[in-house]
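In: Next comes the sequence, and after it the predicted model I'd like to discuss.
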Amino acid sequence: MYFDVVVAGGSVAGLICAREIARNKNSVLVIEEDYEIGTPEHCGGLVSTSGLEELGVIPFRKTLDHMVEQAEIYAPDGTSFTINSKKQRVAEISRRELDKQLAHQAQKNGATIKVRTSFQELTKDGIRTNEGQIECKIFVDARGVSSLIHRDRTGILSSAQYEIYADWITKGKVEVFFDQKKYPGFFAWIIPSGEGKGKVGVAGRGINAAEAMEEFLKKREKYSIVRKIFAPIWIKGPIEKFVDGMTVIIGDAAGQAKPTTAGGIYSSGMGGLLAGQAISKFLKTNNHSDLDEYQKRWTDKFGKEFERQSFARKVLERLDNETINNLFKSVTPEITKEISEKDDFDFHTGSIVKLLGVKGSIKTAQTLISGEFKKLLS
Ligand SMILES: Cc1cc2nc3c(=O)[nH]c(=O)nc-3n(C[C@H](O)[C@H](O)[C@H](O)COP(=O)(O)OP(=O)(O)OC[C@H]3O[C@@H](n4cnc5c(N)ncnc54)[C@H](O)[C@@H]3O)c2cc1C
(Lines give C-alpha, C1' and ligand atoms only; values in the text may rest on other atoms or scores of the structure.)
Protein backbone atom coordinates (compact mmCIF):
# COMPACT_ATOMS: atom_id res chain seq x y z
CA MET A 1 0.00 0.00 0.00
CA TYR A 2 1.41 3.44 -0.94
CA PHE A 3 0.32 6.98 0.02
CA ASP A 4 2.23 10.22 -0.57
CA VAL A 5 1.66 11.02 3.10
CA VAL A 6 0.63 8.98 6.14
CA VAL A 7 -0.59 10.90 9.21
CA ALA A 8 -0.61 9.11 12.57
CA GLY A 9 -3.28 10.63 14.83
CA GLY A 10 -6.84 11.40 13.71
CA SER A 11 -7.52 14.44 15.84
CA VAL A 12 -7.58 18.19 15.21
CA ALA A 13 -3.98 18.62 13.94
CA GLY A 14 -3.78 15.38 11.93
CA LEU A 15 -7.18 15.77 10.27
CA ILE A 16 -6.63 19.41 9.27
CA CYS A 17 -3.19 18.52 7.91
CA ALA A 18 -4.68 15.66 5.86
CA ARG A 19 -7.47 17.94 4.62
CA GLU A 20 -4.91 20.42 3.25
CA ILE A 21 -2.75 17.71 1.66
CA ALA A 22 -5.77 16.07 -0.01
CA ARG A 23 -7.06 19.47 -1.17
CA ASN A 24 -3.92 19.66 -3.31
CA LYS A 25 -4.68 16.29 -4.93
CA ASN A 26 -2.05 14.27 -3.07
CA SER A 27 -2.84 10.83 -1.65
CA VAL A 28 -3.01 10.87 2.16
CA LEU A 29 -3.97 8.31 4.78
CA VAL A 30 -4.84 9.15 8.41
CA ILE A 31 -4.43 6.30 10.88
CA GLU A 32 -6.08 6.58 14.29
CA GLU A 33 -5.40 4.03 16.98
CA ASP A 34 -8.74 4.49 18.74
CA TYR A 35 -11.92 2.86 17.51
CA GLU A 36 -13.66 6.15 16.77
CA ILE A 37 -12.63 9.65 15.62
CA GLY A 38 -13.29 12.13 18.45
CA THR A 39 -13.39 9.48 21.16
CA PRO A 40 -12.34 9.40 23.93
CA GLU A 41 -12.84 13.15 24.13
CA HIS A 42 -10.10 14.68 26.28
CA CYS A 43 -10.72 18.40 26.00
CA GLY A 44 -12.56 21.25 27.71
CA GLY A 45 -13.69 22.44 24.27
CA LEU A 46 -12.94 26.15 24.77
CA VAL A 47 -11.93 27.85 21.54
CA SER A 48 -12.22 31.30 20.00
CA THR A 49 -14.61 31.54 17.07
CA SER A 50 -11.93 33.52 15.17
CA GLY A 51 -9.52 30.62 15.76
CA LEU A 52 -12.05 28.14 14.39
CA GLU A 53 -12.59 30.34 11.34
CA GLU A 54 -8.86 30.47 10.67
CA LEU A 55 -8.79 26.68 10.90
CA GLY A 56 -11.45 26.62 8.18
CA VAL A 57 -14.30 25.46 10.40
CA ILE A 58 -17.79 26.86 10.71
CA PRO A 59 -19.07 24.70 13.54
CA PHE A 60 -22.20 22.62 12.89
CA ARG A 61 -25.08 23.25 15.30
CA LYS A 62 -24.33 20.01 17.15
CA THR A 63 -20.61 20.96 17.45
CA LEU A 64 -21.21 24.36 19.10
CA ASP A 65 -22.68 23.97 22.59
CA HIS A 66 -22.77 27.62 23.64
CA MET A 67 -20.81 30.87 23.98
CA VAL A 68 -18.83 31.70 27.11
CA GLU A 69 -19.88 35.06 28.54
CA GLN A 70 -17.76 35.39 31.66
CA ALA A 71 -14.90 33.87 33.58
CA GLU A 72 -14.59 34.04 37.36
CA ILE A 73 -11.04 33.51 38.65
CA TYR A 74 -10.49 32.53 42.29
CA ALA A 75 -7.46 32.93 44.56
CA PRO A 76 -6.68 30.20 47.15
CA ASP A 77 -8.51 32.18 49.89
CA GLY A 78 -11.66 32.51 47.77
CA THR A 79 -11.12 36.12 46.65
CA SER A 80 -12.21 36.38 43.04
CA PHE A 81 -12.65 38.69 40.10
CA THR A 82 -14.77 38.33 36.99
CA ILE A 83 -13.84 38.99 33.39
CA ASN A 84 -16.62 39.64 30.93
CA SER A 85 -15.57 37.57 27.93
CA LYS A 86 -18.37 38.43 25.49
CA LYS A 87 -16.03 40.46 23.26
CA GLN A 88 -13.54 37.59 22.97
CA ARG A 89 -16.17 35.38 21.33
CA VAL A 90 -15.08 32.16 23.01
CA ALA A 91 -17.19 29.10 22.26
CA GLU A 92 -17.57 25.89 24.22
CA ILE A 93 -17.76 23.13 21.66
CA SER A 94 -18.11 19.36 21.59
CA ARG A 95 -14.64 18.08 20.63
CA ARG A 96 -16.14 14.79 19.60
CA GLU A 97 -18.30 16.56 17.02
CA LEU A 98 -15.52 18.96 15.95
CA ASP A 99 -13.16 16.07 15.20
CA LYS A 100 -15.91 14.29 13.27
CA GLN A 101 -16.58 17.47 11.30
CA LEU A 102 -12.87 17.74 10.46
CA ALA A 103 -12.77 14.07 9.43
CA HIS A 104 -15.67 14.75 7.08
CA GLN A 105 -13.85 17.76 5.56
CA ALA A 106 -10.69 15.66 5.05
CA GLN A 107 -12.65 12.80 3.47
CA LYS A 108 -14.53 15.17 1.14
CA ASN A 109 -11.17 16.51 -0.08
CA GLY A 110 -10.00 12.98 -0.86
CA ALA A 111 -8.18 11.77 2.29
CA THR A 112 -8.61 8.21 3.57
CA ILE A 113 -9.14 7.65 7.30
CA LYS A 114 -8.65 4.34 9.10
CA VAL A 115 -9.49 3.80 12.77
CA ARG A 116 -8.08 1.09 15.04
CA THR A 117 -4.81 1.37 13.19
CA SER A 118 -1.76 2.39 15.16
CA PHE A 119 1.64 3.63 14.12
CA GLN A 120 4.42 1.39 15.42
CA GLU A 121 7.69 2.48 13.83
CA LEU A 122 9.36 4.15 10.89
CA THR A 123 10.80 1.83 8.23
CA LYS A 124 13.07 2.39 5.24
CA ASP A 125 10.18 3.14 2.84
CA GLY A 126 7.41 4.24 5.16
CA ILE A 127 5.92 3.03 8.42
CA ARG A 128 4.87 -0.16 10.18
CA THR A 129 1.42 -0.33 11.75
CA ASN A 130 -0.49 -3.05 13.62
CA GLU A 131 -2.09 -3.80 10.23
CA GLY A 132 1.20 -4.10 8.36
CA GLN A 133 3.56 -2.02 6.30
CA ILE A 134 2.53 1.20 4.50
CA GLU A 135 4.87 2.94 2.09
CA CYS A 136 4.91 6.72 1.98
CA LYS A 137 7.07 9.66 1.02
CA ILE A 138 6.29 11.67 4.16
CA PHE A 139 5.24 10.60 7.64
CA VAL A 140 3.33 13.08 9.81
CA ASP A 141 3.42 12.53 13.57
CA ALA A 142 0.16 13.93 15.02
CA ARG A 143 -0.01 11.56 18.00
CA GLY A 144 -0.52 14.28 20.60
CA VAL A 145 1.22 14.39 23.97
CA SER A 146 1.79 10.61 23.83
CA SER A 147 4.52 11.34 21.29
CA LEU A 148 6.29 13.71 23.70
CA ILE A 149 6.25 11.41 26.71
CA HIS A 150 9.14 9.42 25.22
CA ARG A 151 11.11 12.56 24.37
CA ASP A 152 10.85 14.59 27.55
CA ARG A 153 8.75 14.04 30.68
CA THR A 154 9.68 17.32 32.34
CA GLY A 155 7.02 19.38 30.54
CA ILE A 156 4.16 17.06 31.39
CA LEU A 157 1.51 17.60 34.07
CA SER A 158 -1.19 15.12 34.97
CA SER A 159 -4.79 16.18 34.61
CA ALA A 160 -8.23 14.80 35.35
CA GLN A 161 -11.44 16.05 33.83
CA TYR A 162 -14.87 14.77 34.86
CA GLU A 163 -18.13 15.41 33.06
CA ILE A 164 -20.55 16.41 35.77
CA TYR A 165 -24.22 17.21 36.16
CA ALA A 166 -24.78 19.69 39.01
CA ASP A 167 -26.85 22.75 39.83
CA TRP A 168 -23.71 24.75 40.64
CA ILE A 169 -22.55 24.71 36.99
CA THR A 170 -23.76 27.90 35.33
CA LYS A 171 -24.22 28.10 31.58
CA GLY A 172 -21.88 30.68 30.01
CA LYS A 173 -19.63 30.99 33.07
CA VAL A 174 -16.15 29.44 33.21
CA GLU A 175 -14.55 29.22 36.67
CA VAL A 176 -10.82 28.92 37.38
CA PHE A 177 -9.31 28.16 40.81
CA PHE A 178 -5.68 28.80 41.71
CA ASP A 179 -4.05 27.03 44.65
CA GLN A 180 -0.35 26.27 44.54
CA LYS A 181 -0.66 23.58 47.21
CA LYS A 182 -3.46 21.68 45.53
CA TYR A 183 -2.61 22.34 41.86
CA PRO A 184 1.06 23.41 41.74
CA GLY A 185 1.80 25.37 38.56
CA PHE A 186 -1.70 25.00 37.21
CA PHE A 187 -5.33 25.31 38.37
CA ALA A 188 -8.72 23.67 38.66
CA TRP A 189 -11.54 24.59 36.28
CA ILE A 190 -15.26 24.37 35.59
CA ILE A 191 -16.26 24.65 31.94
CA PRO A 192 -20.03 24.53 31.43
CA SER A 193 -21.46 22.79 28.41
CA GLY A 194 -24.98 23.97 29.27
CA GLU A 195 -27.08 24.86 32.35
CA GLY A 196 -26.28 22.39 35.14
CA LYS A 197 -23.72 20.37 33.21
CA GLY A 198 -20.09 20.69 32.23
CA LYS A 199 -16.48 19.62 32.59
CA VAL A 200 -14.69 19.93 35.90
CA GLY A 201 -10.94 19.45 35.87
CA VAL A 202 -7.66 19.75 37.75
CA ALA A 203 -4.02 19.64 36.69
CA GLY A 204 -0.76 20.26 38.50
CA ARG A 205 2.86 19.25 38.79
CA GLY A 206 3.37 15.99 40.64
CA ILE A 207 -0.24 15.70 41.84
CA ASN A 208 -2.44 12.64 42.00
CA ALA A 209 -5.14 14.04 39.71
CA ALA A 210 -7.86 11.65 40.93
CA GLU A 211 -7.24 12.62 44.58
CA ALA A 212 -7.14 16.32 43.72
CA MET A 213 -10.51 15.93 41.98
CA GLU A 214 -11.98 14.15 45.03
CA GLU A 215 -10.76 17.00 47.20
CA PHE A 216 -12.21 19.62 44.84
CA LEU A 217 -15.59 17.91 44.75
CA LYS A 218 -15.75 17.27 48.51
CA LYS A 219 -16.80 20.87 49.13
CA ARG A 220 -19.51 20.79 46.47
CA GLU A 221 -23.19 20.04 46.81
CA LYS A 222 -25.08 17.29 45.06
CA TYR A 223 -23.64 16.20 41.74
CA SER A 224 -23.35 13.19 39.45
CA ILE A 225 -20.20 12.21 37.59
CA VAL A 226 -21.12 10.84 34.18
CA ARG A 227 -17.63 10.49 32.70
CA LYS A 228 -14.03 10.52 33.90
CA ILE A 229 -10.88 11.06 31.89
CA PHE A 230 -7.23 11.27 32.91
CA ALA A 231 -4.76 12.72 30.43
CA PRO A 232 -1.27 14.23 30.40
CA ILE A 233 -0.91 17.86 29.32
CA TRP A 234 2.21 19.52 27.89
CA ILE A 235 3.18 22.99 29.11
CA LYS A 236 6.77 23.40 27.91
CA GLY A 237 6.11 24.98 24.51
CA PRO A 238 7.30 23.93 21.06
CA ILE A 239 9.95 21.28 20.48
CA GLU A 240 13.14 22.31 18.69
CA LYS A 241 12.59 20.73 15.28
CA PHE A 242 9.19 20.24 13.64
CA VAL A 243 10.74 18.61 10.57
CA ASP A 244 13.21 15.77 10.81
CA GLY A 245 14.15 14.33 7.40
CA MET A 246 10.87 13.07 5.94
CA THR A 247 9.05 13.14 9.29
CA VAL A 248 6.89 16.18 10.05
CA ILE A 249 5.66 16.67 13.63
CA ILE A 250 2.47 18.65 14.26
CA GLY A 251 0.04 19.68 16.99
CA ASP A 252 0.52 18.67 20.61
CA ALA A 253 3.18 16.19 19.45
CA ALA A 254 5.26 19.25 18.48
CA GLY A 255 4.44 21.07 21.75
CA GLN A 256 2.08 23.49 20.03
CA ALA A 257 -0.41 23.84 22.94
CA LYS A 258 -0.33 27.03 25.03
CA PRO A 259 2.25 26.90 27.87
CA THR A 260 -0.19 28.78 30.16
CA THR A 261 -3.40 26.74 29.83
CA ALA A 262 -2.39 23.79 27.59
CA GLY A 263 -5.19 24.82 25.22
CA GLY A 264 -4.29 23.68 21.74
CA ILE A 265 -7.33 23.41 19.47
CA TYR A 266 -6.32 26.60 17.66
CA SER A 267 -2.50 26.61 17.87
CA SER A 268 -2.10 22.84 17.34
CA GLY A 269 -4.74 22.94 14.61
CA MET A 270 -2.77 25.74 12.92
CA GLY A 271 0.31 23.49 13.11
CA GLY A 272 -1.66 20.93 11.10
CA LEU A 273 -2.86 23.53 8.62
CA LEU A 274 0.56 25.11 8.00
CA ALA A 275 2.26 21.70 7.79
CA GLY A 276 -0.36 20.48 5.30
CA GLN A 277 0.28 23.49 3.07
CA ALA A 278 4.07 23.09 3.28
CA ILE A 279 3.89 19.35 2.55
CA SER A 280 1.67 19.99 -0.47
CA LYS A 281 4.22 22.47 -1.83
CA PHE A 282 7.09 20.06 -1.18
CA LEU A 283 5.29 17.26 -3.01
CA LYS A 284 5.19 19.52 -6.09
CA THR A 285 8.75 20.85 -5.96
CA ASN A 286 10.72 18.18 -4.06
CA ASN A 287 12.56 21.09 -2.50
CA HIS A 288 13.18 20.45 1.22
CA SER A 289 13.17 24.16 2.05
CA ASP A 290 9.43 24.18 1.21
CA LEU A 291 8.92 21.68 4.03
CA ASP A 292 10.95 23.83 6.42
CA GLU A 293 8.62 26.77 5.70
CA TYR A 294 6.11 25.10 8.04
CA GLN A 295 8.17 25.67 11.19
CA LYS A 296 9.01 29.22 10.13
CA ARG A 297 5.38 30.15 9.52
CA TRP A 298 4.15 28.59 12.80
CA THR A 299 6.93 30.35 14.76
CA ASP A 300 6.24 33.70 13.07
CA LYS A 301 2.65 33.41 14.24
CA PHE A 302 2.98 31.92 17.73
CA GLY A 303 6.69 31.99 18.69
CA LYS A 304 6.81 35.29 20.55
CA GLU A 305 3.49 34.73 22.34
CA PHE A 306 4.49 31.22 23.41
CA GLU A 307 7.82 32.51 24.75
CA ARG A 308 5.93 35.08 26.83
CA GLN A 309 3.47 32.45 28.01
CA SER A 310 6.40 30.31 29.13
CA PHE A 311 7.76 33.22 31.17
CA ALA A 312 4.29 33.84 32.62
CA ARG A 313 4.24 30.17 33.60
CA LYS A 314 7.62 30.53 35.33
CA VAL A 315 6.23 33.48 37.28
CA LEU A 316 3.15 31.50 38.30
CA GLU A 317 5.19 28.45 39.32
CA ARG A 318 7.16 30.55 41.80
CA LEU A 319 4.25 32.40 43.41
CA ASP A 320 3.01 31.09 46.74
CA ASN A 321 -0.61 31.16 47.87
CA GLU A 322 -0.13 34.27 50.00
CA THR A 323 1.27 36.23 47.05
CA ILE A 324 -1.60 35.09 44.85
CA ASN A 325 -4.13 36.13 47.51
CA ASN A 326 -2.51 39.59 47.72
CA LEU A 327 -2.38 39.86 43.95
CA PHE A 328 -6.11 39.18 43.65
CA LYS A 329 -6.93 41.73 46.37
CA SER A 330 -5.20 44.41 44.30
CA VAL A 331 -7.21 43.77 41.12
CA THR A 332 -9.41 46.82 40.57
CA PRO A 333 -12.64 47.09 38.54
CA GLU A 334 -10.66 49.26 36.06
CA ILE A 335 -8.25 46.38 35.42
CA THR A 336 -11.00 43.77 34.92
CA LYS A 337 -12.84 46.23 32.64
CA GLU A 338 -9.73 46.78 30.55
CA ILE A 339 -9.08 43.03 30.29
CA SER A 340 -12.74 42.40 29.43
CA GLU A 341 -12.51 44.91 26.62
CA LYS A 342 -9.07 44.13 25.25
CA ASP A 343 -8.17 40.53 26.04
CA ASP A 344 -7.44 38.13 23.21
CA PHE A 345 -8.20 34.51 24.13
CA ASP A 346 -5.47 33.17 21.84
CA PHE A 347 -2.75 35.74 22.58
CA HIS A 348 -3.41 36.54 26.23
CA THR A 349 -0.08 37.50 27.80
CA GLY A 350 -1.08 41.19 27.58
CA SER A 351 -3.81 40.49 30.16
CA ILE A 352 -1.46 38.46 32.36
CA VAL A 353 1.00 41.35 32.43
CA LYS A 354 -1.85 43.70 33.41
CA LEU A 355 -2.78 41.42 36.30
CA LEU A 356 0.79 40.89 37.45
CA GLY A 357 1.52 44.59 37.21
CA VAL A 358 -1.13 45.60 39.73
CA LYS A 359 -0.09 47.94 42.52
CA GLY A 360 2.68 46.55 44.72
CA SER A 361 1.42 43.00 44.58
CA ILE A 362 4.09 41.64 42.33
CA LYS A 363 7.05 42.79 44.42
CA THR A 364 7.64 39.31 45.82
CA ALA A 365 7.49 37.73 42.42
CA GLN A 366 9.75 40.39 40.97
CA THR A 367 12.40 39.71 43.58
CA LEU A 368 12.14 36.00 42.95
CA ILE A 369 12.41 36.18 39.21
CA SER A 370 13.31 39.69 38.25
CA GLY A 371 15.11 38.75 35.04
CA GLU A 372 12.31 36.62 33.70
CA PHE A 373 9.64 39.12 34.72
CA LYS A 374 11.42 41.85 32.75
CA LYS A 375 11.43 39.58 29.71
CA LEU A 376 7.69 39.06 30.10
CA LEU A 377 7.13 42.81 30.13
CA SER A 378 9.38 43.48 27.12
C1 LIG B 1 -8.22 17.73 30.14
C2 LIG B 1 -7.89 18.56 28.92
C3 LIG B 1 -8.64 19.69 28.63
C4 LIG B 1 -8.34 20.47 27.51
N5 LIG B 1 -9.10 21.57 27.25
C6 LIG B 1 -8.84 22.34 26.16
C7 LIG B 1 -9.65 23.46 25.83
O8 LIG B 1 -10.64 23.77 26.52
N9 LIG B 1 -9.33 24.18 24.72
C10 LIG B 1 -8.27 23.87 23.92
O11 LIG B 1 -7.99 24.57 22.94
N12 LIG B 1 -7.49 22.79 24.19
C13 LIG B 1 -7.76 22.02 25.28
N14 LIG B 1 -6.98 20.91 25.55
C15 LIG B 1 -5.88 20.60 24.64
C16 LIG B 1 -6.37 19.98 23.35
O17 LIG B 1 -7.18 18.87 23.64
C18 LIG B 1 -5.17 19.59 22.49
O19 LIG B 1 -4.30 20.70 22.36
C20 LIG B 1 -5.58 19.13 21.09
O21 LIG B 1 -6.47 18.04 21.17
C22 LIG B 1 -4.33 18.71 20.33
O23 LIG B 1 -4.68 18.12 19.14
P24 LIG B 1 -3.68 17.10 18.42
O25 LIG B 1 -4.37 16.69 17.16
O26 LIG B 1 -2.34 17.68 18.33
O27 LIG B 1 -3.54 15.86 19.42
P28 LIG B 1 -4.61 14.96 20.14
O29 LIG B 1 -5.94 15.61 20.17
O30 LIG B 1 -4.01 14.54 21.44
O31 LIG B 1 -4.73 13.69 19.20
C32 LIG B 1 -3.75 12.73 19.03
C33 LIG B 1 -4.39 11.54 18.36
O34 LIG B 1 -3.39 10.58 18.05
C35 LIG B 1 -3.87 9.31 18.32
N36 LIG B 1 -2.72 8.41 18.50
C37 LIG B 1 -1.86 8.36 19.54
N38 LIG B 1 -0.92 7.42 19.31
C39 LIG B 1 -1.18 6.89 18.10
C40 LIG B 1 -0.56 5.89 17.32
N41 LIG B 1 0.53 5.23 17.74
N42 LIG B 1 -1.10 5.58 16.13
C43 LIG B 1 -2.22 6.22 15.65
N44 LIG B 1 -2.85 7.17 16.38
C45 LIG B 1 -2.33 7.51 17.57
C46 LIG B 1 -4.72 9.50 19.57
O47 LIG B 1 -5.63 8.44 19.76
C48 LIG B 1 -5.39 10.81 19.26
O49 LIG B 1 -6.60 10.66 18.58
C50 LIG B 1 -7.26 20.12 26.66
C51 LIG B 1 -6.52 18.97 26.94
C52 LIG B 1 -6.82 18.20 28.05
C53 LIG B 1 -6.01 16.96 28.33
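Out: Nice, I can see it. Residues are numbered from 1 along each chain as shown.
In: Pull the contacting residues for the residue in the stretch 51-200 of the chain that the ligand sits nearest to.
Out: Proximity of the stretch 51-200 of the chain to the ligand (CB to the nearest ligand atom) peaks at residue 144, 2.3 Å away. Placement of C-beta: from N, CA and C, glycine included. Counting by CB atoms under 8 Å, 6 or more residues apart in numbering, residue 144 makes contact with 9, 11, 251, 252, 253.
In: same deal with residue 36?
Out: Residues in contact with residue 36 (CB under 8 Å, 6+ apart) are residue 115.
In: what about it, is that helix, strand or coil?
Out: With DSSP: H, G, I helix; E, B strand; the rest coil as the basis, residue 36 sits in coil.
In: likewise residue 216?
Out: Going by three-state DSSP: residue 216 is helix.
In: In the contacts of residue 144, find the pair that's most separated.
Out: By the measure CB to CB, 11 and 253 form the most distant pair in the contacts of residue 144, at 10.0 Å.
In: tell me, what's touching these two both at once?
Out: With CB under 8 Å, 6+ apart, residue 11 and residue 253 have common neighbours 142, 144.
In: So which of the two has more stuff around it?
Out: residue 11 (29 against 26; other CB atoms under 10 Å).
In: Kindly tell me how buried the residue lying closest to the more buried one once chain neighbours are set aside is, as a neighbour count.
Out: Closest residue to residue 11 apart from its sequence neighbours, by CB to CB, 6 or more residues apart in numbering: residue 99 at 5.8 Å. Residue 99 is flanked by 23 other residues according to other CB under 10 Å.
In: you'd agree residue 99 is up against residue 15?
Out: Yes. Contact status for residue 99 versus residue 15: in contact at 6.6 Å, counting by CB atoms under 8 Å.
In: who touches both of these two?
Out: Shared contacts of residue 99 and residue 15, counting by CB under 8 Å, 6+ apart, come down to residue 37.
In: just to revisit the earlier point, filter the contacts of residue 144 down to the ones near the ligand?
Out: Filtering the contacts of residue 144 for proximity to the ligand by CB under 6 Å from any ligand atom leaves 9, 11, 251, 252, 253.
In: any idea which of these is the one closest to residue 2?
Out: residue 9 (20.0 Å).
In: Quick check: nearest residue in space to the closest one, chain neighbours excluded?
Out: residue 142 (3.3 Å).
In: Could you pull up the contacting residues of the one you found?
Out: Contacts for residue 142 (CB under 8 Å, 6+ apart) come out as 7, 8, 9, 10, 11, 13, 14, 17, 250, 251, 253, 272.
In: and the second one, what pLDDT?
Out: Model confidence at residue 8, expressed as pLDDT, equals 98.
In: can you give me phi and psi for it?
Out: Main-chain dihedrals, residue 8, degrees, to the nearest 10: phi -100, psi 120.
In: Report how many residues lie close to it.
Out: Neighbour tally, residue 8, other CB under 10 Å: 24.
In: contacting residues for the closest residue to it other than its chain neighbours?
Out: Once flanking residues are discounted, residue 8 sits nearest to residue 119: 3.7 Å by CB to CB, 6+ apart. Going by CB under 8 Å, 6+ apart, residue 119 touches 8, 31, 33, 127, 129, 141, 143.
In: Now, of these, which are buried?
Out: In the contacts of residue 119, burial by neighbour count holds for 8, 31, 33, 127, 129, 141, 143, counting by 16 or more other CB atoms under 10 Å.
In: and those as a markdown table, adding secondary structure?
Out: Listed next are those as a markdown table, based on three-state DSSP:
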| residue | secondary structure |
| --- | --- |
| 8 | strand |
| 31 | strand |
| 33 | coil |
| 127 | strand |
| 129 | strand |
| 141 | strand |
| 143 | coil |
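In: ok, so of these, who is nearest residue 323?
Out: Nearest to residue 323, judged by CB to CB, of these is residue 143 at 38.0 Å.
In: which regions of the protein sit below the pLDDT cut-off?
Out: 357-378 (pLDDT under 70).
In: interface residues of the stretch 251-378 of the chain facing the ligand?
Out: Residues of the stretch 251-378 of the chain lying near the ligand (CB under 6 Å from any ligand atom): 251, 252, 253, 257, 262, 263, 264, 265, 268.
In: Out of those residues, flag the one nearest to residue 351.
Out: Using CB to CB as the measure, the one of those that approaches residue 351 most closely is residue 263, at 14.3 Å.
In: didn't the closest one look like it was pressed against residue 257?
Out: Yes. Counting by CB under 8 Å, residue 257 is a contact partner of residue 263 at 6.3 Å.
In: So those two - more neighbours on which side?
Out: More neighbours surround residue 257 than the other of residue 263 and residue 257, with 26 against 21 (other CB under 10 Å).
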